[in-house]
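Engineer: Below are the sequence and a predicted model; questions follow.
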Amino acid sequence: MKIYKDKSDEQLISLYVDGTNEAFDELLERHKDHVYMYIYHSVKNEDLADDIFQDTFVKVITTIKQGRYVENGHFAAWITRIAHNLIIDYYRLSRAENVQSTDDEEINILNRKELSERTIEDNMVTDQIHSDVRRLIKELPVSQRDVLVMRYYKNMSFKEIADTLNVSINTALGRMRYAILNLRRIASENNIILTV
């Protein structure tokens, strides 16, 4: 919207905190190209860049909504730092998952569950978890359920979800966040464990 184009980043953040979602849409529009290109040039992979970009804005939304953003006039630098930290986290996690020392006699790197065939028990547990997740998803409000299904079952980006539902990316991100929070709450209230 034109009325937000002349506002500073800090003014837009204040408006967003006060409940004006369009202000965040303007922030996103203003900074998305720079942030995305920074991520893409760092990871050199479009799918990974999309995921980190979306995670960056989820973290931005969460931090602002929790009142943890400190206004210092450097919003662009702050959001780039969040993206940078998420890139580092991704590579640290990848390295940790892929590195295993063969020097340690206590560890047999070939004797790992993921390298063996699944047992009947594994299949039963996995089937039960999938059944529980489907049941929990049905309890979500329709708007949250739609975003979650599009993201995790149809593998759509938040931009594609926003376009499909005719909402802003900010709204799609918010619905996803609430869907995940509600799934955790419902699972906890019903003592459902969703891990093997």
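Structural biologist: Cool, the structure landed.

Engineer: okay, CA-based contacts and neighbour counts for the rest of this
Structural biologist: Noted.

Engineer: Would you mind splitting this protein into its domains for me?
Structural biologist: 1-100, 119-196 (automatic domain parsing).

Engineer: Tabulate the ones you listed (JSON lines), appending mean pLDDT.
Structural biologist: Output for the domains of the chain, formatted as JSON lines (pLDDT from 0 to 100):
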{"stretch": "domain 1-100", "mean pLDDT": "85"}
{"stretch": "domain 119-196", "mean pLDDT": "83"}
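
Engineer: Output those as a markdown table; include the columns mean neighbour count.
Structural biologist: What follows is those, written out as a markdown table (neighbours: other CA atoms under 10 Å):
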| stretch | mean neighbour count |
| --- | --- |
| domain 1-100 | 15 |
| domain 119-196 | 15 |
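
Engineer: quick one: the residue nearest in space to the middle of the chain from Met124, how far?
Structural biologist: Nearest to the geometric centre of the chain sits Asp55, at 4.1 Å (CA atoms, centre = their mean). Asp55 sits 32 Å away from Met124, going by CA to CA, to the nearest Å.

Engineer: Next one: Asn45 from Leu93, what distance?
Structural biologist: Counting by CA to CA, the gap from Asn45 to Leu93 is 17 Å.

Engineer: swap in Tyr38?
Structural biologist: Counting by CA to CA, the gap from Tyr38 to Leu93 is 20 Å.

Engineer: Next: Val147.
Structural biologist: Distance from Val147 to Leu93, by CA to CA: 27 Å.

Engineer: How about Ile192?
Structural biologist: Distance of Ile192 to Leu93, computed by CA to CA: 27 Å.

Engineer: So what touches stretch 37-54?
Structural biologist: Residues outside stretch 37-54 that contact it (CA atoms under 8 Å, 6 or more residues apart in numbering): 35-36, 80, 83-84, 86-87, 157-158.

Engineer: okay, how far is it across that stretch, tip to tip?
Structural biologist: By CA to CA, one end of stretch 37-54 lies 13 Å from the other end.

Engineer: how far out from the middle of the chain is it?
Structural biologist: 13 Å (CA atoms, centre = their mean, to the nearest Å).

Engineer: Looking at the contacts of stretch 37-54, which are in helices?
Structural biologist: Using DSSP state H, the subset of the contacts of stretch 37-54 located in helices is 35-36, 80, 83-84, 86-87, 158.

Engineer: residue ranges for the helices of this protein, please.
Structural biologist: Under DSSP H, the chain gives helices at 2-5, 9-17, 21-43, 46-65, 75-98, 120-138, 142-148, 158-165, 169-189.

Engineer: Kind regards, and thank you for your time.
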